[in-house]
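Trainee: sequence first, then the predicted structure, then my questions.
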Amino acid sequence: MAKKEQSPIRERLVILEHDGMTCDILPVRDVGHDRILAGSGEVSVPMKDVKQFISPEGRVYVAHVPEWYINESKHLAEVEMATVINQAVNYQKPGTVTSRPSNFLLWFPWILAVFAIIFAILKR
């Protein structure tokens, strides 16, 4: 008797097109408290626009939205991913000191000018 292997729990986003005849089934990448990021980071759908279902394979989110909405959500997902990547690259640990310009570099031109004036007065 062959034992059926357990498949890992997966989350899917089903986008029903407005015509009611076609749909897209995308793997979910990230679920936040306010949005679902699906596909290869190309679709971001607000949680308030989806219905959640449980299937034997995992959670299924269903969104019934028009095509223009999906196109706009792709743009929002790109912006969101760019923001996340930017924050990850520019991350600083808490308590680290940010680099500031040296005070010497701020005062150096003034000090040089004062010495030049003193030197000019003494040379007379």
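Mentor: Good, I have the coordinates. Numbering: from 1, shown residues only.
Trainee: which residue is nearest the middle of this structure?
Mentor: The C-alpha lying nearest the average C-alpha coordinate of the chain belongs to residue 84 (CA atoms, centre = their mean; 2.8 Å).
Trainee: show me where the protein has helices.
Mentor: Taking DSSP state H as the criterion, the chain contains helices spanning 67-89, 103-123.
Trainee: for residue 59, which non-adjacent residue is spatially closest?
Mentor: Counting by CB to CB, 6 or more residues apart in numbering, residue 59 lies nearest to residue 11, which is 4.6 Å off, once chain neighbours are set aside. In short, each C-beta sits where N, CA and C put it, glycine included.
Trainee: neighbours of the one you found, just the number please.
Mentor: Under the neighbour criterion other CB atoms under 10 Å, residue 11 is assigned a count of 18.
Trainee: thinking again about what came up before, distance to residue 47 and mean pLDDT added to the helices of the chain, as CSV?
Mentor: Output for the helices of the chain, formatted as CSV (distance: least, CB to CB, whole Å; pLDDT from 0 to 100):
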stretch, distance to residue 47, mean pLDDT
helix 67-89, 13, 78
helix 103-123, 50, 87
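Trainee: nearest to residue 45, of those helices?
Mentor: Closest approach to residue 45 among the helices of the chain (CB to CB): helix 67-89, 5.7 Å.
Trainee: export that closest one as PDB, just CAs?
Mentor: Output in PDB follows, covering the C-alpha atoms of helix 67-89 (Å, rounded to 0.1, in the frame of the first residue of the first chain):
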ATOM      1  CA  GLU A  67      -8.300  44.000 -14.400                       C
ATOM      2  CA  TRP A  68      -7.400  47.700 -13.900                       C
ATOM      3  CA  TYR A  69      -7.300  47.000 -10.100                       C
ATOM      4  CA  ILE A  70      -4.800  44.200 -10.600                       C
ATOM      5  CA  ASN A  71      -2.600  46.400 -12.800                       C
ATOM      6  CA  GLU A  72      -2.600  49.100 -10.100                       C
ATOM      7  CA  SER A  73      -1.900  46.600  -7.400                       C
ATOM      8  CA  LYS A  74       1.200  45.400  -9.500                       C
ATOM      9  CA  HIS A  75       2.500  48.900  -9.400                       C
ATOM     10  CA  LEU A  76       1.900  49.200  -5.700                       C
ATOM     11  CA  ALA A  77       3.600  45.900  -5.100                       C
ATOM     12  CA  GLU A  78       6.700  47.100  -7.100                       C
ATOM     13  CA  VAL A  79       6.800  50.300  -5.000                       C
ATOM     14  CA  GLU A  80       6.400  48.300  -1.800                       C
ATOM     15  CA  MET A  81       9.200  45.800  -2.700                       C
ATOM     16  CA  ALA A  82      11.500  48.700  -3.700                       C
ATOM     17  CA  THR A  83      10.800  50.400  -0.300                       C
ATOM     18  CA  VAL A  84      11.500  47.100   1.600                       C
ATOM     19  CA  ILE A  85      14.700  46.600  -0.300                       C
ATOM     20  CA  ASN A  86      15.800  50.200   0.300                       C
ATOM     21  CA  GLN A  87      15.100  49.900   4.000                       C
ATOM     22  CA  ALA A  88      17.000  46.600   4.200                       C
ATOM     23  CA  VAL A  89      20.000  48.100   2.500                       C
END
